[in-house]
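S.K.: show me how the following folds:
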Amino acid sequence: MPRHVNFGLWYDFRNPAPWSVPFEQLYAQCLDQIVGAEQLGFDSIWMTEHHFCDDGYTPSPLVMAGAIGARTRRMRIGTNLMILPLHNPVRIAEDAATLSLLTGGRFDLGVGIGYRELEFREFGRELKQRPSLMEEGFAIIRKAWAGERLNFEGKRFKVGDVRITPAPEHAPRLFLGGMAEPAIDRAARIADGFLSTGGIGNDVYVKCLEKNGRRPEEGVIIAGHWALISDDPEREATIVGPHALYQSNQYIEWGAFGPPETTPRFPDAATALQMGLYELWDADTAVAKLTELLATYSQIQDVHFWAQLPGEPVTSGQRRIEYMAKHVLPRVRAAL
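M.R.: The predicted structure follows:
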């Protein structure tokens with residue numbers, strides 16, 4: 001039987017200086033782009049979350065998901081990822097259930113443990129409590145979507161004899177991301193799948209499945225890929241270089257890849273593109289690389305790419321989207 005893999009786009013809706021445009025314009029352009037991507041054959045849309053960012057990194061991916069759900073008909077819509085320990089899991093369960101009902105079961109909830117001290121402080125959370133916040137959040141969300149009375153009391157949350165209504169007719173899949181082994185092990189143990197970033201941790205996840213008594217074929221990987229696919233990769237490097245440098249160094253400053261005080265920044269755009277998570281491919285390379293990736297990890301059910309990097313014009317990302325739709329996706333699908 002032919003294998004089905006979804007191919008999608010990834011959005012953070014960032015709008016940094018010196019490239020900023022009015023946010024209403026950016027949101028409208030992105031929504032139009034998403035509608036067009038569905039018509040071009042893309043299968044999924046993924047959004048991520050941060051707070052208190054000068055560039056407007058979206059703090060409200062579930063609101064965005066509702067808008068996307070209203071404009072699309074076929075695409076799956078998901079978060080890769082939301083920072084679950086910042087939120088009340090009952091509230092998240094309600095909103096995700098509503099999104100599932102509104103979209104005919106097209107919504108999936110992907111979450112992660114978080115790492116920015118600023119966000120935890122302002123939301124009244126503590127970084128050291130992340131594991132228990134995550135474990136209890138998962139337990140509450142699962143019970144809520146099953147239509148059960150919650151009756152939950154843990155170290156972090158206490159919920160009474162209540163039931164979440166309306167329950168989803170199609171419960172969203174609950175995915176978990178991370179780059180450190182404890183987070184990946186938790187995904188193998190309690191989640192419906194693993195959200196990977198730039199290929200980090202795919203091999204660890206497969207090992208952790210077996211460690212937790214699950215067969216490798218039971219695993220699911222949702223792969224956030226950092227490839228930039230263009231007919232002229234050298235030209236593309238010149239166009240996206242400043243945006244890649246901004247994106248990479250911002251994540252480093254926040255602590256995504258280790259303690260920011262000891263993790264070096266990239267000095268220039270060329271170094272960021274060469275040494276970061278990015279890949280610059282033409283269509284032939286993309287088809288070969290993606291086919292190899294999917295052959296290596298049968299667990300991968302979705303591969304998605306940044307629609308555009310922070311500050312990059314939507315029209316610039318659109319060129320790559322159209323190129324992928326015409327020259328890459330049909331060939332990879334045929335290979336499957």
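S.K.: doesn't Phe175 fall inside a strand?
M.R.: Yes. The assignment for Phe175 is a strand, going by DSSP: H, G, I helix; E, B strand; the rest coil.
S.K.: tell me the spacing between Glu217 and Ala144.
M.R.: Applying CB to CB, to the nearest Å, the value for Glu217 to Ala144 is 29 Å. Every C-beta, even on glycine, is put in place using the N, C-alpha and C of the backbone.
S.K.: between those two, point out the one with more neighbours.
M.R.: Ala144 (27 against 8; other CB atoms under 10 Å).
S.K.: and the pLDDT at the more buried one?
M.R.: Ala144 carries a pLDDT value of 98.
S.K.: buried stuff in the helix or strand harbouring it?
M.R.: For Ala144, the element it lies in under DSSP states H and E is helix 130-145. Buried residues in helix 130-145, counted by 16 or more other CB atoms under 10 Å: 130, 133-145.
S.K.: just confirm Tyr246 contacts Gly311, I think it does.
M.R.: Yes. In this structure Tyr246 lies within contact range of Gly311 using CB atoms under 8 Å: 6.4 Å.
S.K.: list residues touching both of these two?
M.R.: Counting by CB atoms under 8 Å, 6 or more residues apart in numbering, the contacts common to Tyr246 and Gly311 are Pro16.
S.K.: got the phi/psi numbers for the residue most central in space within the chain?
M.R.: Geometric centre of the chain, nearest residue: Asn80, 1.9 Å, by CA atoms, centre = their mean. Dihedral pair for Asn80: phi -140, psi 80, per degrees, to the nearest 10.
S.K.: so what's it up against?
M.R.: Per CB under 8 Å, 6+ apart, neighbours of Asn80: 10, 46-48, 110, 175, 177, 195, 222, 224, 304.
S.K.: could these go into CSV alongside distance to Phe23, secondary structure and neighbour count?
M.R.: Shown next, in CSV, are those (distance: CB to CB, whole Å; DSSP: H, G, I helix; E, B strand; the rest coil; neighbours: other CB atoms under 10 Å):
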residue, distance to Phe23, secondary structure, neighbour count
Trp10, 19, strand, 20
Trp46, 20, strand, 27
Met47, 15, strand, 24
Thr48, 17, coil, 23
Gly110, 24, strand, 27
Phe175, 28, strand, 24
Gly177, 26, strand, 26
Leu195, 26, strand, 30
Ile222, 28, strand, 28
Gly224, 24, strand, 24
His304, 23, strand, 22
